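Engineer: When you get a sec, could you give me coordinates for this:
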Amino acid sequence: MRIKSEFMSELKINRIIRVCGTWPNEKRQGIGMHAFQYSKNIKVKTDVFILNNHKENYFNLKNVTFHRFRFFNLIFKKENLNFTRYILKGFFILQGELILFFKMFLFLKDKNLENTIIHNHCAMFLISNFFISKIFKIPLLIQIGGTDILRIENSIIH
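Structural biologist: Residues are numbered from 1 along each chain as shown. You can find the predicted model right below:
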């Protein structure tokens, strides 16, 4: 089912703030497809805050502006997790949340946010999105898919 732009205009949505961990690119064309397809089919001005730890050239859409952010994130295999590594992982996730929070805050603070929604596609950034939503009184829609489902299923933190 294709979501029509007319539906969004009936809801009076003028801007979508998407938060993504991935977006399709030349090297990895199958990642981040749900966020890409929504942005492609709902032709509303969209600001995509995307975790960018690589030099990727994302597939562009006319209605999308990218806001890239980075943070150092440790990746641990399940078999070598211990208490110390959980503490480290929590520290780095909190660091990422803070970086995204401040990047979004500085971007949104002078904007007219009437008829704006936040559409979060990444399980990792729920805390920062929640606080941005509350501070700016913007509705928050959370949609988890792909590897985030496995992350939530296997994570005590999530």
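Engineer: Worst mean pLDDT across the helices and strands of this protein, which element?
Structural biologist: helix 5-11 (a mean of 53; mean pLDDT, DSSP states H and E).
Engineer: Could you look up the SS state of the residue nearest the centre of the chain?
Structural biologist: Nearest residue to the geometric centre of the chain (CA atoms, centre = their mean): Val19, 1.8 Å. Secondary structure assignment for Val19 (DSSP: H, G, I helix; E, B strand; the rest coil): strand.
Engineer: residues touching Pro139, list them.
Structural biologist: By CB atoms under 8 Å, 6 or more residues apart in numbering, the contact set of Pro139 is 117-118, 133. All C-beta atoms are positioned from the backbone trio N, CA, C, and that covers glycine.
Engineer: all helices of the chain, in order?
Structural biologist: Secondary structure of the chain, counting by DSSP state H: helices at 5-11, 33-41, 83-108, 126-136, 147-153.
Engineer: looking at those helices, which is closest to Phe49?
Structural biologist: Nearest of those to Phe49, taken as CB to CB: helix 83-108 at 6.1 Å.
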